[in-house]
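**Q** Coordinates only, no sequence provided:
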């Protein structure tokens with residue numbers, strides 16, 4: 001697991017090959033195993049495969065090319081009707097998305113968590129036809145990676161550990 005965590009990267013270029021529906025469901029299921037306060041599981045998802053829908057959603061962000069070229073995207077929502085503590089529920093959504101990204105990587109796929117689109121969250125929610133009680137949290141673009149050797153650096157532990165008491 002530690003190798004999967006350390007080797008996962010955000011992938012922004014994808015092959016045109018579609019991802020099997022079964023794999024997409026495995027990715028979403030991995031997300032649903034994230035921890036949540038009171039086990040309220042406040043997440044909902046919309047799987048987007050339609051090029052026309054992706055094009056419309058892509059108009060709402062400067063990262064449009066990633067969305068248009070990804071074989072599919074998963075819109076992640078917070079179900080406010082299930083919410084009991086906003087901060088904890090947003091943290092749970094983050095854990096859900098991280099689980100999904102790790103599953104994507106473990107399944108030899110590539111994915112990226114897109115958040116800049118949140119500036120137009122109400123438009124995304126309206127366009128996808130979901131209830132206003134569902135708050136758009138992120139878009140995950142995924143597919144077979146069309147880039148290799150993506151690298152990343154991390155700060156040293158002595159830069160992030162404030163103290164050991």
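**A** Great, that's in hand. Since the structure is predicted, the reported quantities are computational estimates derived from the model, not experimental observations.
**Q** contacts and neighbour counts: CA atoms only from here.
**A** Noted.
**Q** Where do the helices of the protein begin and end?
**A** In the chain, the segments counted as helices under DSSP state H are 2-7, 21-32, 51-58, 64-69, 86-106, 121-128, 157-160.
**Q** Contacts for the fifth one next, please.
**A** Taking contacts as Cα atoms under 8 Å, 6 or more residues apart in numbering, the residues outside helix 86-106 that touch it are 4-5, 8, 26-28, 30-37, 41-43, 76, 78, 83, 110-113, 137, 140, 142.
**Q** And the contacts of stretch 112-128?
**A** With Cα under 8 Å, 6+ apart as the criterion, stretch 112-128 contacts 9-12, 57, 60-63, 97, 101, 131-132, 134-142.
**Q** ok now that stretch, how far from the chain's centre?
**A** Stretch 112-128 has its C-alpha centroid displaced from the chain centroid by 12 Å (Cα atoms, centre = their mean, to the nearest Å).
**Q** picking that back up, in PyMOL, how would I select just the buried ones from the contacts of stretch 112-128?
**A** Restricted to buried positions by 16 or more other Cα atoms under 10 Å, the PyMOL selection for these reads:
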select buried, resi 9+10+11+12+57+60+61+97+101+134+135+136+137+138+139+140+141+142
